[in-house]
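Enquirer: structure of the sequence below:
(chains A and B)
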Amino acid sequence: MNNFDKILEKIEHQQIEPTPKWYFQFKNWGFWCLFVISILIGSMAFSIILYSIQQTDFVLISHFSHSSWENILVLLPYFWLILLLVFSILAFFSFKNFKKAYKYSLVSILALSVFLSILLGTLSFISGIASFLENKFAYQVEIYNSIEEKKLQHWMQPKAGFLAGEIIDSKIDTLLIKDFSGKEWQIIYHEIFIPPILELENGISIKVMGKIQSDNIFIAEQIRPWKAFGGQDRSKNKKKKK
Amino acid sequence: MKKNECIAYTDRELIEKSIQDTSFFACLYERYEAKLLRYIHHISQVNEEEALDILQDSFIKIWKNLHDFDADLSFNSWVYRIVHHQTISEWRKSVSFGKNKTVDYELHLKYVQNEDLSYEEIETEKKVMNIINQLPDHYKAVLVLKYFEDKNYIEISDILKIPEGTVATYLNRAKKMFSELAQKQHISFFE
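Expert: Sure, this is the predicted structure:
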């Protein structure tokens, strides 16, 4: 019995059939889908990271009592960073399973995945999809701590020098605001920098940096608009979680 | 099917016909048997029986994956790829089981050369194989494919599933390592 007869005998004896064509087509198609989905989710995560960076008050970090690095670590959007990392790895591995993937070096595959995520993520950020998605996500997912919530938590620490709320009355050098928990505060300001775009009128949400003087009196060192460019307007965004 | 009947068909035609009739699959086997056995002996130090087993298992894999054959690839590269992976996998298994693997040069020469060699040529061949067998698997594979199997960079890239740039890098490093080993062991090929 020659070697091929042994092969034939094995094929016939074990009834080995060629794997159907649809199986390979389905597998290839599956990897393509996984790649596209991973890139889309990765780019969505990237766009929300951009949005989160834009909404972070980096200018305030130097005012914190803790070190800057410590505060940067607190403000990082971990959920989206992990999502970006996981889906970039998934995109990389699904690409590696393409038939011709071996023609490309690991570096070029990684660069392609990252480039696509950055490109689509930036487009989604510019078009406003990022803020829409973040808001939707915060609304739908109970345990998710949104960028807005993080911001709110940070600005509701009057003892630490951070206060935010809506103006309910405005006089020279004095403002009356209702913070986001409903407490009223008298804000005293004198010869401080106020951004020209900010009009201190009733109904406008602001954030104030300074120090607490008594139970409801706050001496302002800086006053800024609550809403950064592209951010959520607190007065129009009353989040309702079930 | 007789051998001369197989000649009339290309590899691709034989693949298509194999699915209906296994005698066409026999044509493919016969067409590649000698080349592939030679390749198995080049990249591993298996004995004759083990090489035949590797070839058998490889052809069963080829049979199972006939529908996965990529039309953009040559059958030659595809079949070498499957045999390469099967050989490396079996070879590593046998080495890890601690089998005594010394090079059987007579067996090796039986497969690597069909023509009669002079005494000097046989000695050179032994020296070359002795050094090649000391190289890491990936360097050994590129050297064997390039200089013994006469494959070009694209074919080597398709067989080993690595980018062409990596083939070039491996080849350069393999050649450098080869000459360093030859120098260390005082082996000269120009006596």
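
Enquirer: give the contact list for A:Y104.
Expert: Neighbour list for A:Y104: A:112, B:163 [criterion: CB atoms under 8 Å, 6 or more residues apart in numbering or on different chains]. Quick note: C-beta positions are derived from backbone N, CA and C, even for glycine.

Enquirer: give me phi/psi at it?
Expert: Main-chain dihedrals, A:Y104, degrees, to the nearest 10: phi -110, psi 150.

Enquirer: for chain B, which element, helix or strand, carries the lowest mean pLDDT?
Expert: Counting by mean pLDDT, DSSP states H and E, chain B has its least confident helix or strand at helix B:105-112, which shows a mean of 58.

Enquirer: other SSEs contacting the helix or strand that that one is followed by?
Expert: Moving toward the C-terminus from helix B:105-112, the first helix or strand encountered (DSSP states H and E) is helix B:119-132. Applying 3 or more CB pairs under 8 Å, 6 or more residues apart in numbering or on different chains; DSSP states H and E, one finds that helix B:119-132 contacts helix B:105-112, helix B:164-184.

Enquirer: quickly find the element holding A:V208.
Expert: Assigned by DSSP H and E, A:V208 falls within strand A:205-214.

Enquirer: so what does that strand touch, helix or strand wise?
Expert: strand A:162-171, strand A:174-179, strand A:184-188, strand A:217-225.

Enquirer: looking at the ones you listed, which is closest to B:I187?
Expert: If you check each of the helices and strands packed on strand A:205-214 against B:I187 by CB to CB, strand A:162-171 wins as the nearest, at 76.7 Å.

Enquirer: list the buried residues for the closest one?
Expert: Of the residues in strand A:162-171, those buried by neighbour count under the rule 16 or more other CB atoms under 10 Å in any protein chain shown are A:162-167.

Enquirer: close to chain B, is the longest helix along chain A?
Expert: With secondary structure taken from DSSP state H, chain A has its longest helix at helix A:21-55. Yes: using CB under 8 Å from any CB of the partner chain, helix A:21-55 comes into contact with chain B via A:21, A:23-24.

Enquirer: what subset of the residues you listed is buried?
Expert: Among the residues of helix A:21-55 next to chain B, the ones that count as buried (16+ other CB under 10 Å) are A:F24.

Enquirer: any chance of the residues of helix A:21-55 next to chain B in JSON lines, plus distance to B:A168 and pLDDT?
Expert: Rendered in JSON lines, the data for the residues of helix A:21-55 next to chain B read as follows (distance: CB to CB, whole Å; pLDDT from 0 to 100):
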{"residue": "A:K21", "distance to B:A168": "35", "pLDDT": "91"}
{"residue": "A:Y23", "distance to B:A168": "35", "pLDDT": "95"}
{"residue": "A:F24", "distance to B:A168": "31", "pLDDT": "93"}
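
Enquirer: between the residues of helix A:21-55 next to chain B, which is closest to B:Y153?
Expert: Looking across the residues of helix A:21-55 next to chain B and measuring by CB to CB, the closest to B:Y153 is A:F24, at 27.0 Å.

Enquirer: next up, the contacts around that closest one.
Expert: By CB under 8 Å, 6+ apart, the contact list for A:F24 reads B:65, B:67-68.

Enquirer: that's all I had, so thanks and see you.
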